[in-house]
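Participant: Build me a model:
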Amino acid sequence: MALSYRLAVVSDLHLGTGAARAEYLLDFLERVELDVLVLNGDLFDIWKMRSHRWHWPAVKTHLLQRIMGMAAHGTRVVYIPGNHDEFFRDYLGLSIGGVEVRREWECRLGDGRRALMLHGDEFDGVVRHSRLLKGLGNLGYELLMRLDRVNAWWRRHSGRGYWSLARAVKQQVPGAKSYIGKFEAAACHHARERGADVVICGHIHHPNLFTRNGVTYANSGDWVEHCTVLVERHDGQLELLRWAEDSARLLDAPPVAAGDIPVRRRAAP
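Facilitator: Residues are numbered from 1 along each chain as shown. The predicted structure follows:
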């Protein structure tokens, strides 16, 4: 029996690079029924695709086919380009194969709350204002992701479960928590200015879900390090799923009615 949600938000897959865990996202999309799917930025990594050889195994084509198939069979699919696939911001307002291209998207959740979705690079001064600093920062990140691919290959061939070296290393980086906290505060401030009850971002590869001072902040994470998706149950409640870890629990459980899946909230940082 397929899992059923009103809404799912995924971001930061970075197709075109070897770091993209397309097989995990494809597995998720093949096991759910959705009213709305939001692709909240960096679906593609055009920065890397322009400067490096593409990494494009068949599973990535199958993933795109699945997304287009969902759009053709009744799921509303909204694509919000991010900074790594900003090329598609030239097509805002258009529909490509049934996929709506938007700069941001607003909707009402099932419980009546107003939700604002945007990629989040609007809040990152380094990305927005300094391409030199952005490039310097990417050098270390690219090396880390290459090491993570070696780690993933070894774990897969030795029969071990999913574990991200990149995630473990980044948790030890000085200043990371401060940066994340400032990003989250900026997103919540923007939501208040826009009159939104919920703000949903991606961009920083740090999944989180909390409510503070009347605003709910959600970050859908990524499919490079965390394999996370933000879902909305049919009663309007939000939940963060770590698909590589939670899929067995959800799929092996007895069939449940939509809205009966327990909500797991993350503590505020």
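Participant: for the stretch 101-250 of the chain, what spans make up the helices?
Facilitator: 125-129, 131-157, 165-170, 176-194, 243-252 (DSSP state H, counting those that start in this stretch).
Participant: Lowest average pLDDT across these?
Facilitator: Note on the helices of the stretch 101-250 of the chain: lowest mean pLDDT is at helix 125-129, with a mean of 44.
Participant: got a list of what residue 89 touches?
Facilitator: By Cβ atoms under 8 Å, 6 or more residues apart in numbering, the residues touching residue 89 are 81, 103. Where C-beta positions appear, they are placed from N, C-alpha and C, glycine not excepted.
Participant: would you say it is within a helix?
Facilitator: Yes. Per DSSP: H, G, I helix; E, B strand; the rest coil, residue 89 lies within a helix segment.
Participant: can you pull the buried residues of stretch 4-23?
Facilitator: 4-22 (16 or more other Cβ atoms under 10 Å).
Participant: hey, which helix or strand in the chain has the poorest pLDDT?
Facilitator: Sorted by mean pLDDT, DSSP states H and E, the helices and strands of the chain end with helix 125-129, the least confident at a mean of 44.
Participant: on that earlier part again, take the buried residues of stretch 4-23 and keep only those in strands.
Facilitator: Mapping the buried residues of stretch 4-23 onto strands (DSSP state E) picks out 4, 5, 6, 7, 8, 9, 10.
Participant: right, and the second one touches residue 234 too?
Facilitator: Read it as residue 5. Yes. When contacts are counted by Cβ atoms under 8 Å, residue 5 is listed as touching residue 234 (7.3 Å).
Participant: and the gap between residue 29 and residue 71?
Facilitator: 12 Å (Cβ to Cβ, to the nearest Å).
Participant: try residue 47
Facilitator: On the measure of Cβ to Cβ, residue 47 and residue 71 end up 26 Å apart.
Participant: and if you look at residue 95?
Facilitator: The gap separating residue 95 from residue 71 is 9 Å, by Cβ to Cβ.
Participant: try residue 219
Facilitator: In terms of Cβ to Cβ, residue 219 sits 24 Å off from residue 71.
Participant: between residue 95 and residue 71, which one's more packed in?
Facilitator: residue 71 (20 against 12; other Cβ atoms under 10 Å).
Participant: returning to that earlier point: nearest to residue 192, of the ones in strands among the buried residues of stretch 4-23?
Facilitator: Among those, residue 9 lies closest to residue 192 (Cβ to Cβ), at 20.3 Å.
Participant: my guess is that closest one contacts residue 117, does it?
Facilitator: Yes. Counting by Cβ under 8 Å, residue 9 touches residue 117, with 6.6 Å between them.
Participant: so what's in contact with the two at the same time?
Facilitator: Counting by Cβ under 8 Å, 6+ apart, the common neighbours of residue 9 and residue 117 are 38, 40, 200.
Participant: Now go through those and say which are in strands.
Facilitator: Secondary structure assignment by DSSP E places 38, 200 of the shared contacts of residue 9 and residue 117 in strands.
Participant: Would you list the buried entries among the shared contacts of residue 9 and residue 117?
Facilitator: Buried among these (16+ other Cβ under 10 Å): 38, 40, 200.
Participant: and those residues as JSON lines, adding distance to residue 177 and pLDDT?
Facilitator: JSON lines is the format used below for these (distance: Cβ to Cβ, whole Å; pLDDT from 0 to 100):
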{"residue": "38", "distance to residue 177": "27", "pLDDT": "98"}
{"residue": "40", "distance to residue 177": "23", "pLDDT": "98"}
{"residue": "200", "distance to residue 177": "21", "pLDDT": "98"}
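Participant: Could you tell me how many residues sit around the residue nearest to residue 15 when sequence neighbours are not counted?
Facilitator: Nearest in space to residue 15, with sequence neighbours left out and distances taken as Cβ to Cβ, 6 or more residues apart in numbering, is residue 44 at 4.8 Å. Other residues lying near residue 44 total 23 when counted by other Cβ under 10 Å.
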